[in-house]
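Asker: here are the coordinates; sequence isn't available:
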């Protein structure tokens, strides 16, 4: 696994490293039993302080995702990915997403605008799903209007 840090993102380096491991777990790129790169390897790769890598790995350990083994390295002990989603399905979705990203760029959206659009859409979808789930659990409750869902999504994004 290779790490990439974005110094302009405003996200601390240790959080970027931890998130990249989580993403690898979700996508099946990293699996239970895999050894993460050593602190020394990561430091050589991305030129960060060793304590930064240790902090990221400690965060992942606290979440129960990895376990250090003295003298051997840090190993993945849990996953975040769904075992039901095959690699073929993920690859097809990735290709479709690449095509969509090309269309978005052609339409004039920059990377930040694309990220904002995706984040907003995910938030709206999550709020809608939660609103519908809550209203279906409450007997006799009125369903949320599109305006309520849009307002709730805006609050979620701004929170």
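Answerer: Done, it's in. This one's a predicted model, so the numbers in the text were calculated from it and none came from an experiment.
Asker: what residues go with each domain of the chain?
Answerer: The record's domain parsing of the chain by automatic domain parsing lists 13-76, 108-158.
Asker: Check those domains for me: which has the lowest mean pLDDT.
Answerer: When those are compared on mean pLDDT, domain 108-158 scores lowest, with a mean of 65.
Asker: Any figure for the gap between the residue most central in space within the chain and residue 35?
Answerer: The geometric centre of the chain, computed from its C-alpha atoms, lies nearest to residue 23 (Cα atoms, centre = their mean), at 5.0 Å. Distance from residue 23 to residue 35, counting by Cβ to Cβ, to the nearest Å: 18 Å. The way it works is simple: take the backbone N, C-alpha and C, and place the C-beta from them, glycine included.
Asker: what does residue 99 give?
Answerer: Between residue 99 and residue 35 the distance is 35 Å, computed by Cβ to Cβ.
Asker: what about these two, which has more around it?
Answerer: Per other Cβ atoms under 10 Å, whichever of residue 99 and residue 35 has more neighbours is residue 35, with 14 against 10.
Asker: thinking again about what came up before, tell me which element the residue nearest to the centre of the chain falls in.
Answerer: With secondary structure defined by DSSP states H and E, residue 23 is part of helix 13-27.
Asker: cool, residue 60 as well?
Answerer: Under DSSP H and E, the secondary-structure element containing residue 60 is helix 50-62.
Asker: Packing partners of that helix?
Answerer: Counting contacts by 3 or more Cβ pairs under 8 Å, 6 or more residues apart in numbering; DSSP states H and E, helix 50-62 packs against helix 13-27, helix 39-46, strand 66-69, strand 73-76.
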